[in-house]
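# sequence and computational prediction follow.
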Amino acid sequence: MIDTTRTPPRQARITIALLWSVIPHGLAVTVLNGVALVMTDRRLPHAPVTQNAEAVPVALREYAGFAWGRTALIGLFFMAAALAFGLLARTTRRGVRRWPAVPLLAGVLAVLHTIGLILVAGLNPVTGYGPRLFPVNGALFSGAPFDMAAAAPPWYLPALAALLAIGWAGQLAGLILLARPATVSRYARKGSAEDTAGEPAVPAGRTRVIPLMALGPVFVAVVAVVDHTAIRLTENAADPALVEHVVSAARTAMFVDSAFLGVPAVALAVLGTHPRLRTRPGALFASGVLAVLYLFALVVAQVFNPLSTGVLTDDQSGFSEHIPPWYLPVLTVVQSIAALVHLAALAELVTRARGPLTARSPSCPPSTTSRRPGPRR
């Protein structure tokens, strides 16, 4: 039952209902995909051929297996989402000991769920049939021979977009409500003798999370120095008259990577090291969001580093031939250490930041702590 003495029952019930809504939402998306792929399978033989006419028989035979396999993969995503959101809903109802993990995990899931729904939209079992290789008489034909958007039922893509948007908005609202102080005071069980028995007291401001979180901007600066040094060495070894435009593109990529890494790193350092913000549910939720964005930025900065082929596309100037051999290994080691330190800082934040809430809802009275009666005079 909902504890009506600390949190308004309506807010807690709404939060739990929104978190559990991932199950009917996943079922609705799966049913929609199933109906659409059956109708598309019947419409494909009559669809106009836009390319690779020789691959039409193979494409017709393979579509059903591809579509049902893709639908099953999307179903697995919603099952994993239901497990994660169900865990948070159970936490809201029953309470936990490590309350900082809940708003932090809510922020992480907000980003991961958003990315997952974007992939569900792009990799749906109908229009996602395009990028494939069809073997025909020993040759490989790339791309489906049909216009899959035209072959799909006209209502499918608008209905899928609307359904995914509604589900995303509902889950995001539930996660935001989960990080509100009034809801946190519902599931956070702190201060009782039973919960704190045998646990050493952690002095405020002396946890290891402070230096670990503060190292994020330091790693961003180290990555920028490594990129800049490699660019300068490569520029000096190449012909300056031929590589001017290539050097400009590499430096632009370096500044872009530094910006994408620096913004979440600095924000996380502020949120994780400030003595008051560390115990605010909203700050922990934002830390979870920024944590995923920072790790994603590390991956992007590694794959699309300033001297990568993704940045220096079709380089004919000879600039890429003079890249220092140590550059990519050093960059990989630095960014791998940055990611590990970042994960360690988040783990430390969850396990050690157990101070009192610094932001409360006006309708929720502060929790009382038991005190030993002093001697009477």
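Yep, it's here. Numbers count the residues shown, from 1 in each chain.

# any regions of the stretch 1-150 of the chain where pLDDT drops low?
1-9, 95-98, 131, 138-139, 141 (pLDDT under 70).

# at 50 instead, please
Scanning the stretch 1-150 of the chain with the threshold set as pLDDT under 50 gives 1-8.

# now the strands for it?
133-136, 139-142 (DSSP state E, counting those that start in this stretch).

# want to throw those into TSV with mean neighbour count and distance to Ala149?
All C-beta atoms are positioned from the backbone trio N, CA, C, and that covers glycine. Listed next are the strands of the stretch 1-150 of the chain as TSV, based on neighbours: other C-beta atoms under 10 Å; distance: least, C-beta to C-beta, whole Å:
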stretch	mean neighbour count	distance to Ala149
strand 133-136	14	19
strand 139-142	13	18
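
# okay if I get those as JSON lines plus distance to Leu157?
Below are the strands of the stretch 1-150 of the chain laid out as JSON lines (distance: least, C-beta to C-beta, whole Å):
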{"stretch": "strand 133-136", "distance to Leu157": "24"}
{"stretch": "strand 139-142", "distance to Leu157": "23"}
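
# select, out of the ones you listed, the one closest to Ile337.
strand 133-136 (38.8 Å; C-beta to C-beta).

# quick one: strands adjacent to the closest one?
Looking at strand 133-136 with DSSP bridges, its partner strands are strand 139-142 (antiparallel).

# could I get the CA-only coordinates of stretch 227-234 as CSV?
Taking C-alpha atoms only, stretch 227-234 is exported to CSV below (Å, rounded to 0.1, in the frame of the first residue of the first chain):
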residue,chain,number,x,y,z
ASP,A,227,44.8,15.7,-30.7
HIS,A,228,46.5,19.0,-31.1
THR,A,229,50.0,17.5,-30.9
ALA,A,230,49.2,14.8,-33.5
ILE,A,231,47.8,17.4,-35.9
ARG,A,232,50.8,19.7,-35.5
LEU,A,233,53.3,16.8,-36.1
THR,A,234,51.4,15.6,-39.1
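
# next one: that stretch to chain centre, how far?
31 Å (C-alpha atoms, centre = their mean, to the nearest Å).

# same check on stretch 12-24?
Distance of stretch 12-24 from the chain centroid (C-alpha atoms, centre = their mean) equals 20 Å.

# now do it: everything it contacts.
Under the criterion C-beta atoms under 8 Å, 6 or more residues apart in numbering, residues 2-3, 78, 81-82, 85-86, 88-89, 92-93, 167, 170-171, 173-175, 177-178, 183, 186 lie in contact with stretch 12-24.

# buried members of those residues into ChimeraX, please.
The buried residues among these can be selected in ChimeraX (16 or more other C-beta atoms under 10 Å) with this line:
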select :2,78,81,82,85,88,89,92,93,167,170,171,174,175,177,178,183,186
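
# for the closest residue to Val243 other than its chain neighbours, what are its contacts?
Nearest residue to Val243, sequence neighbours excluded (C-beta to C-beta, 6 or more residues apart in numbering): Phe319, at 4.2 Å. Phe319 makes contact with 234-235, 238, 242-243, 246-247, 250, 312, according to C-beta under 8 Å, 6+ apart.

# so where is the stretch 201-350 of the chain shaky, pLDDT-wise?
For the stretch 201-350 of the chain, the ranges with pLDDT under 50 are 201-207.

# one more time with 70, if that's ok
Residue ranges of the stretch 201-350 of the chain with pLDDT under 70: 201-210, 239-242, 275-279, 314-316.

# what does stretch 321-331 rub up against?
Counting by C-beta under 8 Å, 6+ apart, 223, 226-227, 230, 233-234, 237-238, 302, 305, 307 sit against stretch 321-331.

# again, but for stretch 288-298
With contact meaning C-beta under 8 Å, 6+ apart, stretch 288-298 is reached by 103-112, 216, 257, 260-261, 264-265, 267-268, 271, 335, 338-339, 342, 346.

# just stretch 57-72 next, same as before
Contacts to stretch 57-72, defined as C-beta under 8 Å, 6+ apart, come from residues 30, 33-34, 37, 40-41, 44-45, 123-126, 128-129, 132, 134-136, 144-146.

# so for that stretch, what gets flagged as buried?
Applying 16+ other C-beta under 10 Å to stretch 57-72 flags 58-59, 63, 66-68, 70-71 as buried.

# which members of those residues occur in helices, if any?
Among the buried residues of stretch 57-72, the members found in helices (DSSP state H) are 58-59, 63, 66-68, 70-71.
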